[in-house]
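K.L.:
Build me a model from this:
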Amino acid sequence: MPELILGPVLRYVDETDATIWVETDGPAEIEVLGCTSRTFHVAGHWYALVHVRDLEPGTSTEYEVRVDGELRWPQPDSEFPASVIRTPADHTPAKIVFGSCRVSAPHEPPYALTKDEDDCGREVDALFAMARRMIEQPCEEWPHRLLMLGDQVYADEVSPEALEFIKSRRSIEEPPGEEVADFEEYTRLYWESWAEPVMRWLLSTIATAMIFDDHDVHDDWNISASWLEDYRAKPWWDDRIRGAFMSYWVYQHIGNLSPDELHEDEMYDKVCACDDATDMLAEFAYKADREIEGTRWSYSRDYGGVRVVMIDSRAGRDFEDGRRCMIDDDEWTWIEEHLVGGHDHLIIGTSLPLLLGPGLHYLEAWNEAICNGAWGRFGDLIGEKIRRGLDLEHWAAFGESFERLTRRIQEVGAGKHGRAPASIVILSGDVHHAYLAEVAFRRGTGVESAVYQAVCSPFRNPLSTKEKNTVRFATSRAGHLVGRALAKSAGVEDPDLRWRFVHGPYFDNQIATLVLHDRDAHLCLERTVPEEWREPQLHECLSRRLA
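P.N.:
Model (predicted):
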C-alpha cells in the first residue's frame with residue numbers, strides 16, 4: 001500500500017474551500033474530509049493537491065488524510081494536536097506570521113551555535129520555536145497564515161545529510177560539486193525541510209503561502225544580464241534550472257493558487273491528466289527560465305478585508321534590449337490590477353525589500369547608474385563586479401521598477417483606486433536582518449493610508465559579527481551620507497518618498513506577526529537566542545501599532 005512520505009501541507013484556505021498538498025511513494029487516491037484527488041507523477045515521485053469543499057466560514061475543522069482508503073495522517077501515537085483547517089469569516093482578526101531564509105540543519109550544537117563559534121552554526125530556528133510554542137497553546141491563539149518570503153530551501157548550501165545523499169548519486173569533484181544538481185536532489189531538500197516532525201505538523205495546520213528568492217535556485221540568481229549569460233554557459237546549469245523550476249512548481253507554486261485558478265491552469269490540467277509528467281514539466285521549466293513573458297508566479301489572496309499580493313521579484317526580471325526591470329510588462333499589468341483599494345488593509349509580499357536602509361538604497365541606485373554609463377566606460381567595467389560582490393540586487397537597483405511600484409502605492413494610499421486602505425504594509429525578507437520602516441510621501445499627494453516596510457529575515461541563517469557590522473554602517477547616518485554622495489555623483493535623484501527606520505535593525509533568527517482586525521493593524525517581532533537550543537523560546541523585541 002502507498003505511504004504518505006511528505007505532508008499534509010495546508011495551502012490555500014478561504015471561507016469555504018481549502019487545498020492540501022501531499023507526496024506519496026506510489027500512485028494513489030488521496031482523501032481529505034470526503035474530498036478526493038488522484039496523485040500525479042513526476043520523475044519517480046507522486047503528488048496530489050486535494051481540493052476540500054463545502055467548509056463553513058469561521059470554523060475550525062479537524063481533518064485526516066487517507067491514502068487508497070487507509071488512514072495515513074495523523075500518524076499512529078502522534079504527540080501533536082490534531083491538524084485543522086480554520087476558515088475566515090467577516091470581521092474576524094487575521095493573524096499572519098512571516099519571514100524568510102531558513103536553512104535545514106539539526107537543532108543541536110554545533111548547528112545551534114553562532115557562526116562566530118562554529119562555521120556550521122545557524123543558531124535556533126525561529127519557525128521551529130514558534131511551532132513548539134503552538135503545541136502548548138489553545139488553537140484560538142495560533143496564527144492563521146504563514147507567508148514564507150523566499151529561500152525556503154538552499155540549493156547552494158545543503159545540510160550534511162543532503163550532502164551525503166548527493167554523494168550517493170554522483171561525484172562532488174565535478175560541478176556543481178556540493179550544490180544541488182537536478183530535480184531529484186531538490187526533492188531531497190524539500191523532504192529534509194518539511195519532514196522534520198515539528199515542522200511537518202506546523203505545515204499541516206497553518207495555511208501557508210510562498211514565493212521564491214535566489215537561494216531556492218542559486219545565490220544572486222538573475223542579478224544581471226551578464227550573470228545570466230555566465231551561468232547559462234556552464235554545462236551543469238540547464239539541469240539545475242530545470243530542477244529548480246520543476247520543484248518550485250510542484251512543492252510551492254500550485255499550492256499558492258486558489259481552486260478556481262487551478263481549474264483554469266492549463267499546465268496543472270496537463271500534469272494531472274498524463275501518466276508521467278516529467279518531460280512535460282521539464283520543458284515547461286526550461287521555457288519559464290528562458291522566456292520572460294508567459295509565466296506568472298505572482299499571485300493574490302483575500303482574507304476577509306485583507307488583500308495580500310505576493311510579487312515575484314526574482315524569476316520575471318527583464319534584461320532584454322538593454323532594459324533592467326524587476327518584472328515584465330504583462331506581469332506589471334496584472335500586479336496593478338490587484339494593487340487596489342477597497343480593502344481594510346493591503347499587504348504586498350516581495351522577497352526583496354522595496355525600502356532598504358537609505359544608505360543601501362543610494363548605493364544600489366548609484367551602482368545601477370554607473371553600470372548604465374554614468375561614469376563612462378570605467379564605471380561600466382567596475383559596476384558589474386561591485387554589483388555581484390556586494391549583492392546589489394534589490395528594488396533600488398531596478399530604478400524604473402522601484403518608481404513604478406512606489407507610485408502605485410502612493411495612488412492606492414490616496415484613494416485613487418478605491419477607498420484607501422487603513423494600512424499598506426510591504427512584507428519582505430532576504431537581507432538577514434529585520435526592521436520596520438515608516439514611509440512618508442510628499443505633501444499634496446493625498447495619501448491617507450499608513451504605509452510601512454516590514455522586513456523579517458532570517459528564520460534560521462544569521463549573519464556573522466563582521467557581516468552585522470557592515471549592515472550597521474550601511475544603515476547608519478554616515479552610511480546614508482556616503483551612499484547619497486555616491487548617488488549624486490552619478491546623477492541619481494532623490495526618490496519621491498521618504499522613509500526612516502522606527503525599529504531595528506535586528507540580527508537574530510526571528511519571526512514576525514502581523515495582526516489585522518477591521519481597520520486596526522499591529523506588528524510584533526520575536527527572536528530566539530542560541531543558549532536556549534534545548535528548549536527554544538521566542539522573545540519579543542518589537543511591538544507597534546501600525547494603524
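
K.L.:
Looking only at whatever helix or strand R301 lives in, what residues are buried by neighbour count?
P.N.:
Applying DSSP states H and E as the criterion places R301 in strand 299-303. Within strand 299-303, the residues that count as buried by 16 or more other C-beta atoms under 10 Å are Y299, S300, R301, Y303. Yep, even glycine has a C-beta here, placed from its N, CA and C like the rest.

K.L.:
Need these in JSON lines (columns: pLDDT and distance to E70).
P.N.:
Shown next, in JSON lines, are the buried residues of strand 299-303 (pLDDT from 0 to 100; distance: C-beta to C-beta, whole Å):
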{"residue": "Y299", "pLDDT": "98", "distance to E70": "34"}
{"residue": "S300", "pLDDT": "98", "distance to E70": "37"}
{"residue": "R301", "pLDDT": "96", "distance to E70": "33"}
{"residue": "Y303", "pLDDT": "91", "distance to E70": "34"}
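
K.L.:
which of these lies closest to K95?
P.N.:
Ranked by distance to K95 (C-beta to C-beta), the buried residues of strand 299-303 are led by Y303 at 10.0 Å.

K.L.:
What residues does the closest one make contact with?
P.N.:
Neighbouring residues of Y303 by C-beta atoms under 8 Å, 6 or more residues apart in numbering: D14, P88, A94, I96, H144, R145.

K.L.:
Of those, which is the most crowded?
P.N.:
I96 (27 neighbours; other C-beta atoms under 10 Å).

K.L.:
my guess is it is in a strand, correct?
P.N.:
Yes - per DSSP: H, G, I helix; E, B strand; the rest coil, I96 lies within a strand segment.

K.L.:
Can you tell me who it pairs with across the strands?
P.N.:
Note on I96: beta-bridge partners R145, L514, judged by DSSP bridges.

K.L.:
Does it touch L149 like I think?
P.N.:
No - using C-beta atoms under 8 Å, I96 makes no contact with L149, being 11.4 Å away.

K.L.:
Read off the pLDDT value for E293.
P.N.:
Note for E293: predicted pLDDT of 73.

K.L.:
Could I get the buried residue list for stretch 388-407?
P.N.:
So for stretch 388-407, counting by 16+ other C-beta under 10 Å, buried means 388, 392-399, 401-402, 404-406.

K.L.:
Turn the residues you listed into a markdown table, including pLDDT.
P.N.:
As requested, the buried residues of stretch 388-407 are exported to a markdown table (pLDDT from 0 to 100):
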| residue | pLDDT |
| --- | --- |
| R388 | 95 |
| L392 | 96 |
| E393 | 96 |
| H394 | 98 |
| W395 | 98 |
| A396 | 98 |
| A397 | 97 |
| F398 | 98 |
| G399 | 97 |
| S401 | 98 |
| F402 | 98 |
| R404 | 97 |
| L405 | 98 |
| T406 | 98 |
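
K.L.:
Can you pick out the ones from these that are in helices?
P.N.:
R388, G399, S401, F402, R404, L405, T406 (DSSP state H).

K.L.:
Which pair of the residues you listed spans the longest distance?
P.N.:
Most distant of these, by C-beta to C-beta, are R388 and T406, 25.6 Å apart.

K.L.:
any idea which helix or strand comes after the host helix or strand of L516?
P.N.:
Using DSSP H and E, L516 sits within strand 510-517. Per DSSP H and E, strand 510-517 leads on to strand 520-527 as the next helix or strand towards the C-terminus.

K.L.:
average model confidence for that following strand?
P.N.:
Here the average pLDDT along strand 520-527 is 99.

K.L.:
quick one: it to strand 510-517, angle?
P.N.:
On the basis of axes from the mean of the first three to the mean of the last three C-alpha atoms, to 10 degrees, strand 520-527 is oriented at 170 degrees to strand 510-517.

K.L.:
Okay, now the sheet partners of strand 520-527, with direction.
P.N.:
strand 510-517 (antiparallel), strand 539-545 (antiparallel).

K.L.:
Can I get the ones you listed in TSV including mean neighbour count, distance to A369 and mean pLDDT?
P.N.:
TSV is the format used below for these (neighbours: other C-beta atoms under 10 Å; distance: least, C-beta to C-beta, whole Å; pLDDT from 0 to 100):
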stretch	mean neighbour count	distance to A369	mean pLDDT
strand 510-517	23	33	98
strand 539-545	14	34	98
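
K.L.:
quick one: which of those strands is nearest G383?
P.N.:
strand 510-517 (33.1 Å).

K.L.:
What are the contacting residues of the closest one?
P.N.:
91-99, 126-127, 129-130, 143, 305-306, 344-345, 347, 423, 425, 427, 434, 454, 456-459, 521-528, 538, 541-542.

K.L.:
Nearest the geometric middle of the chain, what residue?
P.N.:
L149 (1.9 Å; C-alpha atoms, centre = their mean).

K.L.:
so what's the residue nearest to I30 when sequence neighbours are not counted up against?
P.N.:
Closest residue in space to I30, ignoring its immediate chain neighbours: A48 at 4.4 Å, by C-beta to C-beta, 6 or more residues apart in numbering. A48 makes contacts with W21, V22, T24, A28, I30, S37, R38, T39, F40, as judged by C-beta under 8 Å, 6+ apart.

K.L.:
Mind doing that once more with 6 Å?
P.N.:
V22, I30, S37, T39 (C-beta atoms under 6 Å, 6 or more residues apart in numbering).

K.L.:
Same question for G504.
P.N.:
A434, Y435 are the contacts of G504 under C-beta under 6 Å, 6+ apart.

K.L.:
and the angle from the one helix or strand it maps to to strand 520-527?
P.N.:
Taking DSSP H and E as the criterion, G504 maps to strand 497-506. Going by the same axes, to 10 degrees, strand 497-506 is angled at 40 degrees with respect to strand 520-527.

K.L.:
before we move on, what SS does W297 have?
P.N.:
Going by three-state DSSP: W297 is coil.

K.L.:
What is the nearest of the ones in helices among the buried residues of stretch 388-407 to V67?
P.N.:
L405 (43.9 Å).

K.L.:
separation between K468 and D520?
P.N.:
Distance, K468 to D520, using C-beta to C-beta, to the nearest Å: 34 Å.

K.L.:
Kindly report the same for V455.
P.N.:
22 Å.

K.L.:
The two: which has the busier surroundings?
P.N.:
In terms of neighbours (other C-beta under 10 Å), V455 is the more surrounded of V455 and D520; the figures are 31 against 15.
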